[in-house]
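Engineer: just coords:
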């Protein structure tokens, strides 16, 4: 079941065309899910893909699948460190930033909208979403777009096509570890 969730929700990350994806995974046994995650983490390590539970609730886990190097590059983009500092991040080191994000998610008060930066969304779109309270976007797909609408819609189309191809290949028997592209 975890493999299906990875294919349906994380194909662009597995294909190395997106920094990261996030999905909720239901579970009956925490130990069982943890074991599956450990196995996949080992399989994907050589391909530069990491999996992390960023929030755990009774019966569901929010799983973050990301490309460490791409995330490092995204967090180093102009304006990102300053923006994250305003959200309480004291360091943009990948591990420390994810730890801070995990803390903010676990608090469970307001959903931390800066999570978009951890998913590879442009800073302008994250800012636009916050400033407009989620309204007045130019268009929407994987996220609400406030800048570069045409360019981003092409990217969304690429993500959809990737998911379709990966789902078809997986249904034909190709293991998810083989579908993951090395960075």
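Structural biologist: Thanks, I have the structure now. Owing to the predicted nature of the structure, the values given are computational and were not obtained by experimental measurement.
Engineer: what's downstream of the host helix or strand of residue 103, the next helix or strand?
Structural biologist: Element membership of residue 103 [criterion: DSSP states H and E] is helix 94-107. Using DSSP H and E, the helix or strand that directly follows helix 94-107 along the chain is helix 115-118.
Engineer: and that next one, average pLDDT?
Structural biologist: Mean per-residue pLDDT for helix 115-118: 97.
Engineer: Touching the longest helix seen in the chain from outside, list them.
Structural biologist: With secondary structure taken from DSSP state H, the chain has its longest helix at helix 149-171. Outside helix 149-171, the residues within contact range by CB atoms under 8 Å, 6 or more residues apart in numbering are 3-4, 7-8, 11-12, 14-15, 17-18, 122, 125, 138-139, 141-142, 145, 176, 179. (Glycine included, C-beta is placed from N, CA and C.)
Engineer: if you set the cut-off to 10 Å instead, what comes out?
Structural biologist: 3-4, 6-15, 17-18, 21, 120-122, 125, 137-146, 148, 174-176, 178-180 (CB atoms under 10 Å, 6 or more residues apart in numbering).
Engineer: same question, stretch 97-108
Structural biologist: Residues contacting stretch 97-108 (CB under 10 Å, 6+ apart): 20, 22, 50, 52-57, 62, 64, 66, 68, 71-72, 75, 80-81, 84, 87-93, 110-112, 114-115, 117-118.
Engineer: one more time with 6 Å, if that's ok
Structural biologist: 54, 55, 89, 112, 118 (CB atoms under 6 Å, 6 or more residues apart in numbering).
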